[in-house]
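Trainee: please find the sequence and the predicted model below.
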Number of protein chains: 2
Amino acid sequence: MKNLSVDADRLWSTLMEMGKIGRTPAGGSRRLALSREDGEARDLFVRWAEDAGCTITVDRVGNIFARRAGADDSQPPVCIGSHLDTVPTGGKFDGVFGVIAGLEVLRTLDDAEVRTRAPLEVIVWTNEEGARYSPVTLGSLAFIGAHSVDYALGRMDADDISVREALAKIGYDGSAEVGNRPIGAYFEAHNEQGPLLEESGEVIGVVTGSYASRYFVITVKGMAAHVGPTPMARRKDAMVGAAKAILEVNRVGNAYGPDGRSNAPHIEVYPNVRGVIPDEVRVSCDLRHREHTTIDEMEKDLRNALARLGEKLDMDFELEPYFAWGPMSFDPELAELLRNTADELGYGRQDLQIIAGHDAVPMTEVTQSGLILIPSRDGLSHNETEYSAPEHVTAGANVLLHAALAKAEVVADGDT
Amino acid sequence: MKNLSVDADRLWSTLMEMGKIGRTPAGGSRRLALSREDGEARDLFVRWAEDAGCTITVDRVGNIFARRAGADDSQPPVCIGSHLDTVPTGGKFDGVFGVIAGLEVLRTLDDAEVRTRAPLEVIVWTNEEGARYSPVTLGSLAFIGAHSVDYALGRMDADDISVREALAKIGYDGSAEVGNRPIGAYFEAHNEQGPLLEESGEVIGVVTGSYASRYFVITVKGMAAHVGPTPMARRKDAMVGAAKAILEVNRVGNAYGPDGRSNAPHIEVYPNVRGVIPDEVRVSCDLRHREHTTIDEMEKDLRNALARLGEKLDMDFELEPYFAWGPMSFDPELAELLRNTADELGYGRQDLQIIAGHDAVPMTEVTQSGLILIPSRDGLSHNETEYSAPEHVTAGANVLLHAALAKAEVVADGDT
């Protein structure tokens, strides 16, 4: 069993095939959560999983569970999951790699006629990216009960289309209860999205925990006025206020050492027309740091900076938190299993902390959860040119294969 | 004839009636160009003008001409014009005042049974604000041939609806040729949109010319990447670049004395989702100044500042001009007529330069054009609380009445 390996060519070509759905001119993928393209990708995954003998369950928030029966089907399944949705200009690896690697594990076991005592499941989570619907990891958060099904279904996109409506449109408004589904262990494989593995030259990152992330909306309230005749000194230009706020966010991320992160990638301007000094601007931002105590300082720093801006510019600056996660730790036993598995397979590995959200994070609340990363070229992700080398993709899938087998137990011939 | 005065109550109530179309909660109006509300406002104007005995002509870009016959109908008409479209959160005076004042002039002449030798026309121009369709004063620019009819009809709004489509939808895709329509003289009355008349206490501003205005789009090109794991030092965050660019625009407006103006009220961010460092941000901005030589310096200053930013941040900053007008001068003879008219009526007046675009500016290219302003409370416009006092509204209409009569000539009883 130790020599069992995934089919590297099949894995790669399956990954490339999935990447064609929503293909962008620059070679990436655009499959916003629950869009037509996400629906096509889900359909393709379901067809592949059914071809591999799986039974499919879709829950009310659209999470898909593809199950390969175990010798003892009463045992909780060992699961491998990730997501098929992308950011608007995403790559071919983020999320998809984890799902297709899970599928390849099942295919490999079928080819080798390996039976496991516990069933295996590959999970596709809904709206991991948080690009179309906020917050991130919406499907897995609903699964663990962090928010209600109604909350998840009621989330709205920028065009006022709800998750409920979007699910129905692509036929993934499943009937299965959300959560309350025993899980034996959960594994996830993902591209790193940062440069650390590339820098160290290791192949497998074993994730031991995460940075703290805090998400906010900054609302700047100015005063609408004509852009021309209004004297400069009389203006309360919310766009100028927002620009200063964005630079404060950026300053804070840089001010707390190499572990600090910050960004303000999303803006809404009212009325956002030429001719009118903006009345109100809303900027979404987040702060991240490895240390819990430091993220507290960063938030305080930003809050004080915005208060000073408000006083100086005589405008209202509000900082409203809307989501937070981490710091958290992954299950030490599974991390050790993943380390040992990488070692046995001869893959160089190192421990890592994640700075991006993944469905493996919520899953720690309901089961043992383990996450591995493989290198991203130039540390780049959420970019159409995102790339992980075939040998790294193969390595990640092989680690998943053997770690999952260790948890699900191989059943010997003649055994039942 | 010197004692003839508009009906102040009728003028005010007509203005307030028009302000109800697209009424906003804060007491302003939302009638984006060629929207359903703009269509309703046009219908109401046409009904009022027809009730006053006018004949209506609509040209291919939707400009409306309401004509009151003259004793010698072969003479070119003396016109009074402005617009009924508003910015998204506009007031009840900007544009509308000029149109309704023109209508009141006709009603007053009807009541007093005054005939003029030249015909009179009230003109409603299409898309003056430039809020839904860029650029500003689209209808009058098409009228004078500054751009082609096809160009005007092909302008697209943010939802990719063309002017052509929007005109057809509200039934104002007229058949009259655009331009090539002789005009004897053009008058326009507008609220000031700045604080100068309020500060001086005068009632009538006689506009002698305009500031120079230059409009640009700044394009900042960064690199899409994940907002979390990407180290701060590796980022090319186009939102940070755009924030710095916005502050440079603001700095330039402040750096050239009290006559300098600048703003950056409109932004487009790609992809504008939480989770992705923006790849590209486009900021629309403009610079204004009284002096032609100074506006040159301001543009150069901004251009240099953006080049320095580009070098420092290793991102691409592009400054692309898309529209410009002024400095320009209004017809001195009409300005003198407007001064004398104000004096004869006993209204305090002062000369002013405009810093906002008006349809009277393009009209200088094809006829004698004159523009007067009345005070705006707190100098505020493009704001739902915009307000001009009834006595100032009346004063503006009376100046229009007598200036138009002077140009169109009153026909004595029995004369033909």
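Mentor: Perfect, thanks for sending it.

Trainee: for the stretch 301-416 of chain A, which segments are assigned as strands?
Mentor: A:316-325, A:328-329, A:349-354, A:369-374, A:410-411 (DSSP state E, counting those that start in this stretch).

Trainee: can you add distance to A:V124, mean neighbour count and mean pLDDT and give these back as CSV?
Mentor: C-beta here means a position set from N, CA and C on the backbone, and glycine is covered the same way. Formatted as CSV, these follow (distance: least, Cβ to Cβ, whole Å; neighbours: other Cβ atoms under 10 Å in any protein chain shown; pLDDT from 0 to 100):
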stretch, distance to A:V124, mean neighbour count, mean pLDDT
strand A:316-325, 21, 16, 96
strand A:328-329, 23, 14, 97
strand A:349-354, 20, 20, 98
strand A:369-374, 16, 29, 98
strand A:410-411, 25, 16, 95
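
Trainee: closest one to chain B among the ones you listed?
Mentor: Ranking those by their distance to chain B (criterion: Cβ to the nearest Cβ) puts strand A:349-354 first, at 7.3 Å.

Trainee: paired strands for that closest one, with orientation please.
Mentor: Taking DSSP bridges as the criterion, strand A:349-354 forms sheet pairs with strand A:204-210 (parallel).

Trainee: strand A:316-325 and the strand it pairs with, what's the angle between them?
Mentor: For strand A:204-210 against strand A:316-325, the angle by axes from the mean of the first three to the mean of the last three Cα atoms, to 10 degrees is 120 degrees.

Trainee: how about the CA coordinates for strand A:204-210, as PDB?
Mentor: The C-alpha atoms that make up strand A:204-210 are tabulated as PDB, following Å, rounded to 0.1, in the frame of the first residue of the first chain:
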ATOM      1  CA  ILE A 204       4.600  20.200   1.500                       C
ATOM      2  CA  GLY A 205       3.600  22.800   4.100                       C
ATOM      3  CA  VAL A 206       1.900  21.300   7.100                       C
ATOM      4  CA  VAL A 207      -0.300  23.900   8.600                       C
ATOM      5  CA  THR A 208      -0.300  24.100  12.300                       C
ATOM      6  CA  GLY A 209      -2.400  27.200  12.800                       C
ATOM      7  CA  SER A 210      -3.500  30.500  11.400                       C
END
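
Trainee: point out where chain A drops to low pLDDT.
Mentor: In the predicted model of chain A, residues A:414-416 satisfy pLDDT under 70.

Trainee: residue furthest from the geometric center of it?
Mentor: A:P229 (47.8 Å; Cα atoms, centre = their mean).

Trainee: element containing the nearest residue to that one once chain neighbours are set aside?
Mentor: Spatial nearest neighbour of A:P229, chain neighbours left out: B:G194 (3.0 Å); criterion: Cβ to Cβ, 6 or more residues apart in numbering or on different chains. Taking DSSP states H and E as the criterion, no element holds B:G194; it sits outside all helices and strands.

Trainee: any idea how far B:G95 is from the residue in the stretch 201-350 of chain A positioned nearest to chain B?
Mentor: Closest residue of the stretch 201-350 of chain A to chain B, Cβ to the nearest Cβ: A:P229 (3.0 Å). Spatial separation of A:P229 from B:G95 under the definition Cβ to Cβ, to the nearest Å is 15 Å.

Trainee: A:R235 now?
Mentor: A:R235 sits at a distance of 22 Å from B:G95 (criterion: Cβ to Cβ).

Trainee: of those two, which one has the most company?
Mentor: Neighbour comparison, A:R235 and B:G95: the larger count goes to B:G95, with 29 against 22 (by other Cβ atoms under 10 Å in any protein chain shown).

Trainee: got a list of what the residue lying closest to that one once chain neighbours are set aside touches?
Mentor: When the adjacent residues along the chain are set aside, B:G95 lies closest to B:H83, with 3.9 Å between them (Cβ to Cβ, 6+ apart). Taking Cβ atoms under 8 Å, 6 or more residues apart in numbering or on different chains as the criterion, B:H83 is in contact with B:95-96, B:98-99, B:124-129, B:139, B:359.

Trainee: make it 7 Å
Mentor: B:95, B:99, B:124-125, B:128, B:359 (Cβ atoms under 7 Å, 6 or more residues apart in numbering or on different chains).

Trainee: and it, how far from B:I56?
Mentor: Per Cβ to Cβ, B:H83 is found 16 Å from B:I56.

Trainee: enumerate the residues of the stretch 301-416 of chain A near chain B.
Mentor: A:355-356, A:379-383 (Cβ under 7 Å from any Cβ of the partner chain).

Trainee: could you rerun that using 6 Å?
Mentor: Taking Cβ under 6 Å from any Cβ of the partner chain as the measure of proximity, the stretch 301-416 of chain A contacts chain B at A:355-356, A:380-383.

Trainee: the stretch 151-300 of chain A now?
Mentor: Within reach of chain B by Cβ under 6 Å from any Cβ, the stretch 151-300 of chain A has these residues: A:193-194, A:224-229, A:232, A:239-240, A:243, A:246-247, A:250, A:253-254, A:263-267, A:269, A:271-278, A:284, A:288.
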